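Participant: Predicted structure and sequence below. I'll ask about it afterward.
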There are 2 protein chains.
Amino acid sequence: MIKIDPTSFIPLYEQVQTGLRREIALGALKPGATLPSIRDLATALLINPNTVARAYGDLERDGLITTRKGRGCFVSEDSGTMPERDKIKRLDGLFEAAIQDARKAGADPSEIRRVFEDRLRSVFAEHGKRRTS
Amino acid sequence: MIKIDPTSFIPLYEQVQTGLRREIALGALKPGATLPSIRDLATALLINPNTVARAYGDLERDGLITTRKGRGCFVSEDSGTMPERDKIKRLDGLFEAAIQDARKAGADPSEIRRVFEDRLRSVFAEHGKRRTS
DNA sequence: ATTACTGTATTAATAATATAATACAGTATT
DNA sequence: AATACTGTATTATATTATTAATACAGTAAT
């Protein structure tokens, strides 16, 4: 099963998410498969059920899993339609290349992140706002 | 002069930073030029001087500007030595391409960000930890 | 030395985020 | 309907990040 590092600065729910994404992408969790229940996984990972619930919620929002109250959570049938899986693999490649280039150019992570976030915003223009004032 | 969006979820100091980086990269602020004083810029942008100070501090840490107590802040002489400027332009291009591809593939921003952060971490492996326990 | 500017440092208030405790609600089996 | 599982919602707490208030210190001109 997936593993998490409680001493990492990466939020637990993200670690859980990433782990599951990987298992789904790699086919270890096939379409239709039942995911471990929120409580079970939480117990196994020694974290709070809500933390797992959040990870599951994000995965559902992304269409990777579906959830049925009282029944459980299941890997989406179309999660293996490949577009998703291939997409992630391709994205991985794209960014790996860009980041490697950036590093070679002498850029540090925060600098790279800044450039990335800038581009992301300009490409997707118009997103979340806060502070209604 | 640069503009900021106080309703954005992006921190003010980052917006200031990004704006100045752009002006420097594009040559609107040439090497040796005097930047607006911290207080002046803060007043103009209707934000707290400390917020501008933080942005300036980050820029200095990155060698883009130099600061002389009591005198003011100046664009570094070597900020136009091109490595920095070209680097940013190249990075911009790299990520713009990757992000455009990702968008075309149907990925949403959070998904793209996730892939990016994953790759960033793996490329730069070994960084900050927290929670000494 | 006074004035009027510079940037800097300390500390406090606020907002955002991550995690947890706990109670709620649905489903299935008996 | 009772039990024992599911996921969900509400609320509280701790931590971190962001912004602000304020006092400090350097430079230069008068």
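Facilitator: Cool, the structure landed. Numbers count the residues shown, from 1 in each chain, chains lettered A, B, ... in the order given.
Participant: ok, and what's touching stretch A:26-42?
Facilitator: For stretch A:26-42, the external contacting residues (CB atoms under 8 Å, 6 or more residues apart in numbering or on different chains) are A:1, A:16, A:20, A:23, A:44, A:48-49, A:51-53, A:56, A:65, A:72-80, A:85. In this view, the C-beta of every residue, glycine as well, is placed from N, C-alpha and C.
Participant: One more pass at 10 Å, please.
Facilitator: With CB atoms under 10 Å, 6 or more residues apart in numbering or on different chains as the contact definition, stretch A:26-42 has outside contacts at A:1-2, A:16, A:19-24, A:43-45, A:47-56, A:59, A:64-67, A:71-81, A:85, A:89.
Participant: Quick check on the residues you listed: which are buried?
Facilitator: Among the contacts of stretch A:26-42, the ones that count as buried by 16 or more other CB atoms under 10 Å in any protein chain shown are A:2, A:16, A:19-21, A:23-24, A:45, A:47, A:51-56, A:59, A:64-66, A:73-76, A:79-80, A:85.
Participant: and DNA strand D, which of the contacts of stretch A:26-42 reach it?
Facilitator: A:49, A:50, A:53, A:56, A:67, A:71, A:72, A:73 (CB under 7 Å from any atom of the strand).
Participant: got the domain boundaries for chain A?
Facilitator: A:12-78, A:83-124 (automatic domain parsing).
Participant: from the middle of its chain, how far away would whatever helix or strand residue A:42 lives in be?
Facilitator: Applying DSSP states H and E as the criterion places residue A:42 in helix A:38-45. Helix A:38-45 has its C-alpha centroid displaced from the chain centroid by 18 Å (CA atoms, centre = their mean, to the nearest Å).
Participant: Which helix or strand lies directly C-terminal to that helix?
Facilitator: Sequence order places helix A:49-61 as the next helix or strand after helix A:38-45, per DSSP H and E.
Participant: May I have that following helix as CSV, with CA atoms only?
Facilitator: Extracted in CSV, the C-alpha atoms of helix A:49-61 (Å, rounded to 0.1, in the frame of the first residue of the first chain):
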residue,chain,number,x,y,z
PRO,A,49,-9.9,9.8,8.9
ASN,A,50,-10.7,13.4,7.8
THR,A,51,-7.4,13.7,6.2
VAL,A,52,-8.0,10.6,4.1
ALA,A,53,-11.5,11.9,3.4
ARG,A,54,-10.1,15.1,2.0
ALA,A,55,-7.7,13.2,-0.3
TYR,A,56,-10.6,11.0,-1.5
GLY,A,57,-12.7,14.1,-2.0
ASP,A,58,-10.1,15.7,-4.2
LEU,A,59,-9.7,12.5,-6.2
GLU,A,60,-13.4,12.4,-6.8
ARG,A,61,-13.5,16.1,-7.8
